[in-house]
Structures are given as C-alpha cells and as structure tokens.
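Chemist: Structure, please.
(chains A, B and C)
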Amino acid sequence: MMEHLPALIIAIPLLGAFAAPLFKRHHKAVSIWAILITGITLIVSLLLTREVLVKGILVYVFGAKSPTLVLPSGYKVPIRIMFEVDALGAFMAISATLMSFVGALYSYSHVAHESGLEKYYSLLLLLEVGILGMVLTGDLFNLFVFMEIAGISGAALVGFRSYRGEASEAGIKYLIISAVASLMVLFSVALLYGEYGNLNLAYIAKNIKFGVVDLIAFGLLFTSFAMKCGAVPMHYWVPDAYTEIPAGGNPPLLVATYANLYALFRVSFTLFTNIVINISRAGWIMVILGVLTMFIGVTMALVQKDVKRLMSYHAISQTGYMLLGVGVGLTVLHDPSKLMEFGRDAIAGGLFHVINHIIYKSLLLMTAGALFYVTGTRNLDNMGGLARKMPITTISFMIGAAAISGLPPFNGFASKLIIYETSYMLNPILTVFAMVTSILTLASFVKVFASAFLGPPLKKYENVKEVPKPMLIAMIILAALCVIFGLFPKIILDKLIYPAADALINYLQYHSWGGLA
Amino acid sequence: MNSVLVNLPFIVVAILLAIGFYTIGFKRNLIKIIIGVEILEGAVNMFIVALGYVKGGYAPIYTQAPSGAIENMVLPTPQALTLTSIVIGVAVTALMLAFAVNIYKTYGTLDVSKVRRLRG
Amino acid sequence: MTTVIIRTMTRILTPAILVFGSYIILHGHLTPGGGFQGGAVFASGLALLIIAFSRKRVKEMFEKVPLSVFESIGALGFLGIGLMGIVMYTFLRNFIANSGAPFGMPTPEGINPGFLNTGGTLPYLNIFVGLKVLAGLTSIVLILFLILRREENE
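Modeler: Coordinates of the predicted model:
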C-alpha cells in the first residue's frame, strides 16, 4: 500500500470534494466531512514524507502495471503520466495538507451562517487537490492542469460571498491573472513539446539544450509563475484576493500561491538546469525580484487601513524573502564551493521561510477573520479595546506579529536569520534591504495591535465575546507551531528543510527519476 | 511565398496572441476582457494543434481506417492536450461570466474603470 | 422572445441531438469523441430546450432533475474506477482490458470495422465523464439563464 501513497493523496481529497455536494442542506455534516477528509490527507502526507525521506525520490506511474515502471520494455521515452515526489514536493505537500486541515477546522464556525456551504467545502478540497497535484507531479502538462484546478477553485472561493460586489471583483481579477498565466505556461509547454516530443519533466530536463526556443520557454514559465506567486509588478491581485476570501479559505489560498513559487523553483532549478548553470543572471533576476517585492510590498502595507488588506501586502513582502533566499542559491548553483559555503543554506533559508510564512500569515489572517467575525468591519479606525474581550485571539495575534517581524524566539526569526547571513555573503546591500523591510513590518504591526486591541473599549463592542471554539483551536494550533518552529529550528531544518534544499541542488537525481532509468 | 504558406498557422497564432493581449490590456468592458482571454486561449490551442500536424499522417483511429494508414499514424498527444485545455477553458469562461453577471448586478456597470471599490 | 418556429424545431431536433450525444459517449473508445465531447453535445440539446421555452416551463422541467447529484455521481464513478485499479496494479490501470468482462473483449489488431465490446475501463470512464459534463454544462446554462431571465421579467 505504501507505494500507492502519491495516488491516494490526490484521490482522497478528490473523493471528499465530489462527495461534498451530496450533503445538501446538512451544513454540520459537510463541515465535519471536510475536516475528516483533510485530516486523513494530512496523515497520508506525513506518511508520504516519511517514505520519501527514507527511500529517496518516489515515482508513481499512473495506469502502468506497477507503480515504478517508468520505461516499459522497448520504450526509450516515458509515455505515461507520472508523479515524481522528492523531498521538496513532500515538504510542500505537508504544508498544503496541514493548512487545508486548519482552514477546514476554522471554517466550521466562521462561515456557518453562509448559504451554499457544500459548494464551499467542495471548492476548498478541490483547491487542496490542485496544490497537491502541482507539487507532486513529474509531468509538465499535468502541472498546467493542476495549476488551473487550483486557480479556478481558488477564484471561486475568493468570490464565494457572492452578495458582495467586491468579492466578485477580486475573484475575476484573480481568475484573469490565473488564466493568462496558465495559458502562457501551456504555450511554453507546447514549445518544449514541439522541440523534445515529450512532456515528462525529468526527460525534458535531461535533454534540454541552450537554444532560442528554450530561452523563450524559460522566460515565459518564469514570468507566469512569478506573476501567480505575487511578485512585483504583478502583485495587485494578492491584496484583493486575500481580503475577500472567507478567512477559512485563506490558508489553502496562501499555499496555492506558494505552490506557484514551488513551480518557479522547480522550473529554474530542475527543468532548465543546463541553462541556469550557463547564465548566472537568472539567479540575479530572482534575487532582484525578491528585493523589489519585499520592499514595495511593505511600503504599500504601511498606509493601509483595512486589517486584512494590510496583512496581504505583508504577504507580498514576505514572498520577497523567499525569492531572495532561493535566488541567492540559484546564483551560485554553478559553483560547488560557494554552493557548499552559503548557497545550500540560502536555499534552505528560503524554503524554511515558505513554511514559516504560511504558518504565521495564516494565523494573522485568521485573527483578522476573527476580528471581522465579532465586529463586522475590517477597518482599523472602527476597532479598539478588544484585547480584554478576546484574550486568546489577542495572544495569537501577538505571536503572529512577533513571528512576521522576525523577533526571537518565534519561527520568523529562525528563517530570516539564515536569509540575512547568506545574502550577506553574496552582497551586503541585499541584507540591508531585508533588515529595513523587517523593521518596517514590525512598525506596521505595532500600529495594528495598538488600534485594534489596545485603547479604550468602544461602546458598540460591549457585548462581544471570544470567537467559537473551532476557530480558537485552529488559531492555537498555528500559534503553537510558530513557537515550536522558533524554539527548535534545528530539528525542522534537519528533518524537513535541508532534504528539500538538497532535492533542488541534486538535480541529476531528479533527472534520472531517482535512479529508475 | 512557400515559407509564408507553411508557417501560416503560426503567423495566425502570433496575430491572435497580439489581439488577445491588446484586448485584455486596453479594453474597458469586462465582457470584452473575457473575450480577450478566450482569444488568447484559442491562439494557444491553435498553436498546439499546428505543432502536432504531420504531413501525410493519419489520425490514429483503427475503426474503418483506409488501408495503408497503419504505417503513418501520428501520436495524438497534441490533440489530447488541446482537448484538455478546451475543457478547462469552458470552466474558466463560465466562472468569469458568472462573476461578470454578479458585478453587473451590484455595480450596474461593466466598465472596469468604474468597478473599482478595491483599491490602494 | 421565442417564436413558434424555434419551439417546433426544438421539439424535432432535441431528441436527435440527445441520441447523437449518447452515441458519441458510447463510441468514445472507437471513434473521435468521448465523454466530454458527447456530454457537451448532450448538454447543447438540453440548452436548446432551455432557451426555447419560457422561464416558467424551464423551471418546471428542471426542478425535478438533480443535476448536481448527477455531477457528483459522474465524478465519484470516475474516481472509483481509478481506485479499483489500485488493488492489483496502479491508479487508473485498465484492469478490464482483455478479460472478457463487459467491454473487456480483446481488441483485434489492425484495421477493423469497430467492435463496441472492447476498451476495458475506457467506456465506463467515458460514460461517467459524459454524465458529469452533461450535468455540469446544463447547470451552467440553466443558472445563467434563470438569473438573466429574472432580470428581464422584473
């Protein structure tokens, strides 16, 4: 059964998504069903990660006689769709399943009063399927299909509150960006198919040449994935989408954004290795993109009044850290000595920041959702004095805010420190930018804390109570993870992050399907 | 002249891509923007089909195939890709139109420069 | 908006379109077409019904049809056949091919007049996909129609 895990991890949430519409008008039942399915998927993803860490790359060939039959006898090229799970994919799968579970738990009471809940949970589970497919697949066209699944279900979730015009506006923005980006991905997949006659990622990567067509394909893929992971200058959909989605859908949507970041890394490190090794400019492009993204994101966040919108701009800014960290690694990929000196650590820092950011930003957006739940507004000017009424939400917010600002001993500090150290080795100016961004982040969150939680209690919020238990449990889980990841970064790094970074560096292993060919 | 004729599908693809991007970028009506996305999709689908064309090849269907076709059957991957992308395109279009209907209901207009409550 | 001509032509054409859609679904493993294409043809027949008649008639016609249940059944059936393959081989393995079960006759080599009873799991997958697509596309058309017609009437 263990060898079927990559198929099961897709099949179980799909089953949940398709069965969810059958629970018509049984809102409690469908919520519990979604929590159950996401919980099982979380367990499956943990098992999958353990398998990958023990046995190395896991290949699953769909429809073949046995799961690892990549090349049937007589074939020189892979013809079937396959999943190729390495440590990086497994790491992203854990993030996706964990966040879907937390999101489903939080949604139990957060959206309980809305109508059409069976569709909401169906979309939530489909979004999880899309993310999981994107991060596990070893086939370029499959990547496109799952990207579209994630994009469509994500956009539908953004526009879920269809009685609000803003939700539809944000939804169509996200959908147009997502459609154009995926069409460009399809275009470059077609270019690569025309040149190499195959769609398998590892097979194309092994044969890739240094031609004009390949460069065009690389450029298109790079741009489209950068567009969908919210990098400057195509960041404007991020605040709209994150603000309008119900807060329970925020964690999976965040992971969906970073699944595109994963695809960006996969494309730059694994698919176009031969090109990237020849031109170190590609790494510099990623680094500069990262610095711009983090700086522009944080400066736009400073002026926001809407609490969720402010946090969304910080999400853009934090994406910059990841691009910076991994970009530093990409710049020195061709130089083994520098790679060992700081490149590997830089990649690990960037990837560690991915999961840390997913955790604390989900936590923060959920506390914003909790504020919205009790006050009915997202405007900071209309809030105040809520600390006494909602102690657990306040503490969760404080932990999240400390983590995003990079204060020790929370998880944001652990990954930011690695990024500071390694980017200093490449160029000290990068570190300066990263640190200034971090300070501005702290300033902006102090403002939110002061205006929402401190100050004299407002009269209209006299009767507000703490939010319901499922929301609290979801927030406590994430707050606890923030503290644990911050206190014991070494364990997480050794068990999860360094294997993932090595998976990016050891591209030859991926190219040979983990030694199967 | 011959090189133009051979590459005609690709020239059409390039023109369609340009029209699509222009429509998405410069038109203000939401329905026109949706049409632009559709044109873009058509361009990409046409590109894949044009790539998959093999001169003298036969469709890989054994049912009542003409004799002599067996040696010249083509691999139908590009057609399969196009079909999948069309299927996805249907879903995207339907969702976009649904959003457009919703936006028209709440704002009373489809002009994107007026539909801007989310800004800053 | 709809005229007698449209309504009469719809009455004549719709059965033919529905039969053609079913034919494309069932012959998906032999001739061009398959679940999606056949389902789309089938749904276009139903869409013709929707646009030809008045809002009240359409509501009466489709009130009793559980379209979203059909959709779920189609998707779950597809998934179920995929999961059955896991028991012996892998996900989505064509485990019925050449076994003699319904649709499981061995496929003859070379050019043939087309044997319906071949294809293994493919015809089943086509049927489930067809069910899902026809239900999904019809409900898209239906919902957009109902929304727009309501505004016209008011």
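
Chemist: can you pull the contacts of residue 95?
Modeler: All of this is about chain A. When contacts are counted by CB atoms under 8 Å, 6 or more residues apart in numbering or on different chains, A:Ser95 is found next to A:255, A:258, A:354-355, A:358. (C-beta placed from N, C-alpha, C; glycine too.)

Chemist: Let me rephrase: I mean chain C.
Modeler: Under the criterion of CB under 8 Å, 6+ apart, the contact list for C:Phe95 reads C:84-85, C:88-89, C:120-121.

Chemist: where does it land in three-state SS?
Modeler: With DSSP: H, G, I helix; E, B strand; the rest coil as the basis, the three-state label of C:Phe95 is coil.

Chemist: re the thing from before, which ones among the contacts of A:Ser95 map onto strands?
Modeler: Among the contacts of A:Ser95, no member falls in strands (DSSP state E).

Chemist: I'd like the residues you listed as a markdown table, with neighbour count, pLDDT and distance to A:Tyr163 appended.
Modeler: Formatted as a markdown table, the contacts of A:Ser95 follow (neighbours: other CB atoms under 10 Å in any protein chain shown; pLDDT from 0 to 100; distance: CB to CB, whole Å):
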| residue | neighbour count | pLDDT | distance to A:Tyr163 |
| --- | --- | --- | --- |
| A:Val255 | 31 | 95 | 27 |
| A:Tyr258 | 26 | 95 | 30 |
| A:Val354 | 27 | 94 | 34 |
| A:Ile355 | 25 | 93 | 35 |
| A:Ile358 | 25 | 94 | 30 |
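
Chemist: circling back to that earlier point, can you narrow the contacts of C:Phe95 to ones near chain A?
Modeler: The subset of these within reach of chain A, by CB under 8 Å from any CB of the partner chain, is C:85, C:89.

Chemist: Looking at the contacts of C:Phe95, which is nearest A:Ala202?
Modeler: Using CB to CB, C:Tyr89 comes nearest to A:Ala202 of those, at 22.2 Å.

Chemist: Looks like that closest one contacts A:Ser66 (just checking).
Modeler: Yes - with contact defined as CB atoms under 8 Å, C:Tyr89 and A:Ser66 form a contacting pair (6.8 Å).

Chemist: Of those two, which one has the most company?
Modeler: More neighbours surround C:Tyr89 than the other of C:Tyr89 and A:Ser66, with 17 against 10 (other CB atoms under 10 Å in any protein chain shown).

Chemist: Contacts only, for the more buried one.
Modeler: When contacts are counted by CB under 8 Å, 6+ apart, C:Tyr89 is found next to A:63-66, C:95.

Chemist: for C:Ile6, same thing?
Modeler: Going by CB under 8 Å, 6+ apart, C:Ile6 touches C:Ala52.

Chemist: Strands along the stretch 51-200 of chain A, start to end?
Modeler: Across the stretch 51-200 of chain A, reading from the start of the chain, the strands by DSSP state E, counting those that start in this stretch fall at A:58-61, A:82-85.

Chemist: what's the distance between A:Gly400 and A:Leu386?
Modeler: Taking CB to CB, to the nearest Å as the measure, A:Gly400 falls 15 Å from A:Leu386.

Chemist: Comparing the two, which residue is more hemmed in?
Modeler: Using other CB under 10 Å, the more surrounded residue of A:Gly400 and A:Leu386 is A:Gly400, with 28 against 23.

Chemist: Give me the pLDDT value at the more buried one.
Modeler: Note on A:Gly400: pLDDT of 94.

Chemist: So it lies in a helix, does it not?
Modeler: Yes - when the secondary structure is assigned by three-state DSSP, A:Gly400 falls within a helix.

Chemist: I'd assumed A:Leu363 was in contact with it.
Modeler: Yes - A:Gly400 is within contact range of A:Leu363, at 4.1 Å (criterion: CB under 8 Å).

Chemist: any residues in contact with both of the two?
Modeler: Both A:Gly400 and A:Leu363 are in contact with A:478-479, A:482, where contact means CB under 8 Å, 6+ apart.

Chemist: most surrounded residue in those residues?
Modeler: A:Leu478 leads the shared contacts of A:Gly400 and A:Leu363 on contacts (other CB under 10 Å) with 27 neighbours.

Chemist: Not counting its neighbours along the chain, what's nearest that one?
Modeler: Taking CB to CB, 6 or more residues apart in numbering or on different chains, and ignoring the residues beside it in sequence, A:Leu478 has A:Leu363 as its nearest neighbour in space, at 4.1 Å.

Chemist: In space, what's closest to the residue in chain A positioned nearest to chain B - neighbours in sequence excluded?
Modeler: Closest residue of chain A to chain B, CB to the nearest CB: A:Gly165 (3.1 Å). Using CB to CB, 6+ apart and skipping the chain neighbours, the partner closest in space to A:Gly165 is B:Thr106 (3.1 Å).

Chemist: Over to A:Ala401?
Modeler: Using CB to CB, 6+ apart, the nearest residue to A:Ala401 is A:Phe445, at 4.0 Å.

Chemist: what about the helices in chain B?
Modeler: B:2-6, B:8-26, B:30-51, B:77-107 (DSSP state H).

Chemist: Poorly predicted segments of chain B, please.
Modeler: Low-confidence segments of chain B, defined by pLDDT under 70: B:1, B:118-120.

Chemist: Quick one: name the residues of it near chain A.
Modeler: Counting by CB under 8 Å from any CB, the residues of chain B that sit close to chain A are B:24, B:30, B:33, B:37, B:40-41, B:44, B:47-48, B:51, B:77-78, B:81, B:84-85, B:88, B:91-92, B:95-96, B:99-100, B:102-103, B:105-107, B:115-118, B:120.

Chemist: The helix or strand where C:Arg11 lies: which residues count as buried?
Modeler: Counting by DSSP states H and E, the element that carries C:Arg11 is helix C:4-26. Judged by neighbour count (16 or more other CB atoms under 10 Å in any protein chain shown), helix C:4-26 contains these buried residues: C:10, C:14, C:17-18, C:21-22, C:24-26.

Chemist: Can you redo those residues as TSV, where the extra columns are distance to chain A?
Modeler: What follows is the buried residues of helix C:4-26, written out as TSV (distance: CB to the nearest CB, whole Å):
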residue	distance to chain A
C:Thr10	29
C:Thr14	27
C:Ile17	27
C:Leu18	24
C:Gly21	22
C:Ser22	23
C:Ile24	23
C:Ile25	19
C:Leu26	22
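
Chemist: would you list every one of the helices in the stretch 301-450 of chain A?
Modeler: Assigned by DSSP state H, counting those that start in this stretch, the stretch 301-450 of chain A shows helices spanning A:307-331, A:336-338, A:344-375, A:391-404, A:411-426, A:428-452.

Chemist: quick one: contacts of stretch B:42-58?
Modeler: Looking at what lies outside stretch B:42-58 - CB under 8 Å, 6+ apart - the contacts are A:183, A:186-187, A:190, A:193-194, B:9-10, B:12-13, B:16-17, B:20, B:65-66, B:69, B:72-74, B:76-79, B:81-82, B:85-86, B:89.

Chemist: Please list which of the residues you listed are also close to chain C.
Modeler: On the criterion CB under 8 Å from any CB, B:65, B:69 are the entries of these that sit beside chain C.

Chemist: thinking again about what came up before, how far off centre is the helix holding C:Arg11?
Modeler: Computed by CA atoms, centre = their mean, to the nearest Å, the chain-centroid distance of helix C:4-26 equals 14 Å.

Chemist: What's the first helix or strand after that helix?
Modeler: Next along the chain after helix C:4-26, taking DSSP H and E as the criterion, comes helix C:35-52.

Chemist: Packing partners of that following helix?
Modeler: Applying 3 or more CB pairs under 8 Å, 6 or more residues apart in numbering or on different chains; DSSP states H and E, one finds that helix C:35-52 contacts helix B:77-107, helix C:4-26, helix C:55-63, helix C:122-153.

Chemist: Output the worst-scoring helix or strand of chain A on mean pLDDT as CSV, restricted to C-alpha atoms.
Modeler: For chain A, the helix or strand with the lowest mean confidence is helix A:273-278, at a mean of 86 (criterion: mean pLDDT, DSSP states H and E). Once non-C-alpha atoms are left out, helix A:273-278 reads as follows in CSV (Å, rounded to 0.1, in the frame of the first residue of the first chain):
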residue,chain,number,x,y,z
THR,A,273,19.4,23.4,-15.1
ASN,A,274,21.6,23.4,-18.2
ILE,A,275,20.6,27.0,-19.0
VAL,A,276,20.8,28.3,-15.4
ILE,A,277,24.2,26.9,-14.9
ASN,A,278,25.4,28.7,-18.0
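
Chemist: Thanks a lot, see you next time.
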